[in-house]
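A.B. asks: fold the following for me, if possible:
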Amino acid sequence: MVSNILVTGGAGSMGRLVSELLINNGHFVSIFDLPVANFDGFDPKKTKIYKGNLNDDSIIEAIKNIDTIIHLAAILPPTANTDIELAQKVNVEGTSNLLEKIEAINPELHLIFSSSVSIYGKNLDNDLIDINSSINPDDNYAQTKYDSENLVEKSNVNSTILRISGVSIPIFQEPPSEWPFLPNQNIEFVHRDDVVTSICNSVNNKDAYDKKLNISGGKTWQITGEEYVQDYFSILEVGMDNAVYQKDEGHFSWYESKKSNKILQYQNNTYEAYLEQIRQDLSKLMGE
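C.D. replies: Predicted coordinates:
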């Protein structure tokens, strides 16, 4: 089924990948983003550009005649945890304004909301997290996502809420000054391309309507922080004595994702395949 789809934050890195896959799947995509965003590269025959702000009426024209909205626009960490006012204005108030306009103008559409597993807070016991696990947002970003989820659920809009785990990008990146987890902490990231697939496979998927779903990598990605660092450092041929971890638990766990994968069919990239992509990218950078 071909649909008219609006992607908020569509000019961002994730938004572009989502838009590209939607277009490849035969949909017509509208892009809504700030006027200062880079809109280069979008095919005018397959996309329509709307420049505006979530917090004003510029969103009105964009949501007319739309079947599905994929709401990606947000202030992300670390900015979301340092500029509290901006994150509140964009993440929460922007979502509130979007919902208000949907209910007034196009109440029959389907909203796919990009949330975060950070809303669960720190999992001190390394328990498996499922969609009914307790919510304990302990930083500003997580709080804004949780507040936004509540707004979506209390609205009359047909919605799908995707709680997305830490996203692993399949290109080589310099290790962080501190790894954002503890060595013995359970972690389960998710391949960037699988996140894109999960979002796009929510479109016109009635099994995903009115559901909250954890989006994570699956069984092969369920490792400890130390195992992840060992694997990454082995690619770099660096010793583990160079590993520095943060002092407290990060917002990472293992997640129950069988339900989400059954509905969305997105877990296509194993952890081993991700590591191989990193190796290949590093080889290219080294001219090998």
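A.B. asks: what sits against the most centrally placed residue in the chain?
C.D. replies: Taking C-alpha atoms, centre = their mean, the centroid of the chain lies closest to residue 164, which sits 5.0 Å from it. Going by C-beta atoms under 8 Å, 6 or more residues apart in numbering, residue 164 touches 114, 115, 116, 117, 190, 195, 198, 215. All C-beta atoms are positioned from the backbone trio N, CA, C, and that covers glycine.
A.B. asks: can you pull out the strands in the chain?
C.D. replies: Under the criterion DSSP state E, strands of the chain are mapped to 4-8, 28-33, 47-51, 68-71, 110-116, 128-129, 158-164, 167-168, 186-187, 190-191, 211-215, 223-224, 254-255.
A.B. asks: thinking again about what came up before, and the residue nearest to the centre of the chain, bridged to which residues?
C.D. replies: residue 116, residue 215 (DSSP bridges).
A.B. asks: near residue 190, how many other residues are there?
C.D. replies: Residue 190 has 27 neighbouring residues, counting by other C-beta atoms under 10 Å.
A.B. asks: how about it, nearest residue that isn't a chain neighbour?
C.D. replies: residue 217 (4.3 Å; C-beta to C-beta, 6 or more residues apart in numbering).
A.B. asks: surely that neighbour is in contact with residue 194?
C.D. replies: Yes. Using C-beta atoms under 8 Å, residue 217 is in contact with residue 194, at 6.9 Å.
A.B. asks: common neighbours of these two, please.
C.D. replies: Common neighbours of residue 217 and residue 194 (C-beta under 8 Å, 6+ apart) are 267, 269.
A.B. asks: between the two, point out the one with more neighbours.
C.D. replies: residue 217 (29 against 26).
A.B. asks: can you pull the contacts of the more buried one?
C.D. replies: 165, 168, 188, 189, 190, 191, 194, 257, 267, 269, 271.
A.B. asks: model confidence for it, exactly?
C.D. replies: For residue 217, the pLDDT comes out at 99.
A.B. asks: CSV for the strands of the chain, including distance to residue 145?
C.D. replies: CSV is the format used below for the strands of the chain (distance: least, C-beta to C-beta, whole Å):
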stretch, distance to residue 145
strand 4-8, 15
strand 28-33, 19
strand 47-51, 24
strand 68-71, 11
strand 110-116, 5
strand 128-129, 15
strand 158-164, 8
strand 167-168, 14
strand 186-187, 19
strand 190-191, 16
strand 211-215, 12
strand 223-224, 25
strand 254-255, 16
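A.B. asks: ok, which of those comes nearest residue 246?
C.D. replies: strand 186-187 (12.4 Å; C-beta to C-beta).
A.B. asks: what pairs with the closest one, parallel or antiparallel?
C.D. replies: Take DSSP bridges as the rule and strand 186-187 pairs in its sheet with strand 223-224 (antiparallel).
A.B. asks: contacts for the partner strand next, please.
C.D. replies: 183, 184, 185, 186, 187, 188, 231, 271.
A.B. asks: likewise stretch 229-238?
C.D. replies: So stretch 229-238 is contacted by 175, 179, 183, 223, 239-240, 242-243, 245, 275, 278-279, 282 (C-beta under 8 Å, 6+ apart).
A.B. asks: flag every buried residue along that stretch.
C.D. replies: By 16 or more other C-beta atoms under 10 Å, the buried positions in stretch 229-238 come out as 229, 232, 233.
A.B. asks: how about stretch 70-86?
C.D. replies: 70, 71, 72, 73, 74, 75, 77, 80, 81.
A.B. asks: picking up where we left off before, list buried residues within the contacts of stretch 229-238.
C.D. replies: Burial by neighbour count, 16+ other C-beta under 10 Å: within these this picks out 179, 223, 243, 245, 275, 278.
A.B. asks: any weak-confidence spans in the stretch 151-288 of the chain?
C.D. replies: 288 (pLDDT under 70).
A.B. asks: need the pLDDT of residue 14.
C.D. replies: pLDDT at residue 14 comes out at 98.
A.B. asks: tell me the contacts of it?
C.D. replies: 72, 167, 192, 195, 196.
A.B. asks: show me the helices in the stretch 51-200 of the chain, by range?
C.D. replies: For the stretch 51-200 of the chain, helices defined by DSSP state H, counting those that start in this stretch occupy the ranges 59-63, 79-82, 84-87, 94-105, 140-154, 192-200.
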